[in-house]
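Undergrad: The following comprises the amino acid sequence and a computationally predicted model.
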Amino acid sequence: MTSWSFLTNHARVLLCIAHDPAARLRDVAASLGITERSAHGIVTDLAEAGYVVKQKDGRRNRYHIQAHLPLPGSGTREPAIGEVLALFAGLGPARHRSRPSE
C-alpha cells in the first residue's frame with residue numbers, strides 16, 4: 001500500500017508553528033514523525049521564502065508566520081497563507097495577523 005499525505009511537510013510544519021509559535025524544532029519533528037534535521041531544513045526553507053520570521057526569545061526561537069503573503073506560485077486572486085492555515089488549523093484569522101513590526 002502506498003503511503004501519502006494530503007499536506008506537504010512544509011504545510012504541516014506551518015500548522016505546528018501556527019498552533020505554538022514558541023515550539024521547539026524537536027517537538028515539531030516529534031509531532032510530525034520527521035527528524036529534527038528535516039524540521040530545521042523546512043523552517044529554514046520557510047524563513048528564506050519569507051513565510052516565517054525567526055525571532056530569538058532568550059535561548060529559544062519564536063516564529064512569526066507572515067500570514068498576509070500569498071500561497072507560493074499563486075496569482076493575486078489566491079488566498080493568503082494565513083487564510084489557508086486558519087482553514088486547516090481551525091483558527092480564527094486574527095491569530096495569524098501578527099508581524100514582527102507589530
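TA: Right, received. Where do you want to start? Numbers count the residues shown, from 1 in each chain.

Undergrad: so where do the strands sit in the protein?
TA: 52-57, 60-65 (DSSP state E).

Undergrad: which of those sits most buried?
TA: Among those, strand 60-65 has the highest mean neighbour count (mean count of other Cβ atoms under 10 Å), at a mean of 18. All C-beta atoms are positioned from the backbone trio N, CA, C, and that covers glycine.

Undergrad: Name every strand pairing with that one and say which way it goes.
TA: For strand 60-65, sheet partners with direction are given as strand 52-57 (antiparallel), following DSSP bridges.

Undergrad: that older thread, right, and the strands of the chain - which one's nearest Phe88?
TA: The closest approach between Phe88 and any of these, judged by Cβ to Cβ, belongs to strand 60-65 at 12.6 Å.

Undergrad: Can I get the closest one in PDB? Just the C-alpha atoms.
TA: What follows is the C-alpha trace of strand 60-65 in PDB, where atoms were taken according to Å, rounded to 0.1, in the frame of the first residue of the first chain:
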ATOM      1  CA  ARG A  60      14.900  29.700  22.200                       C
ATOM      2  CA  ASN A  61      13.300  30.900  18.900                       C
ATOM      3  CA  ARG A  62       9.800  32.200  18.500                       C
ATOM      4  CA  TYR A  63       8.300  32.000  15.000                       C
ATOM      5  CA  HIS A  64       6.000  34.500  13.300                       C
ATOM      6  CA  ILE A  65       4.000  33.500  10.200                       C
END
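
Undergrad: and that strand, how far from the chain's centre?
TA: Between the centre of strand 60-65 and the centre of its chain there are 10 Å (Cα atoms, centre = their mean, to the nearest Å).

Undergrad: average pLDDT across that strand?
TA: Mean pLDDT, strand 60-65: 94.

Undergrad: Taking the centroid of this protein, which residue is nearest it?
TA: Nearest to the mean C-alpha position of the chain, counting by Cα atoms, centre = their mean, stands Leu14 at 1.8 Å.
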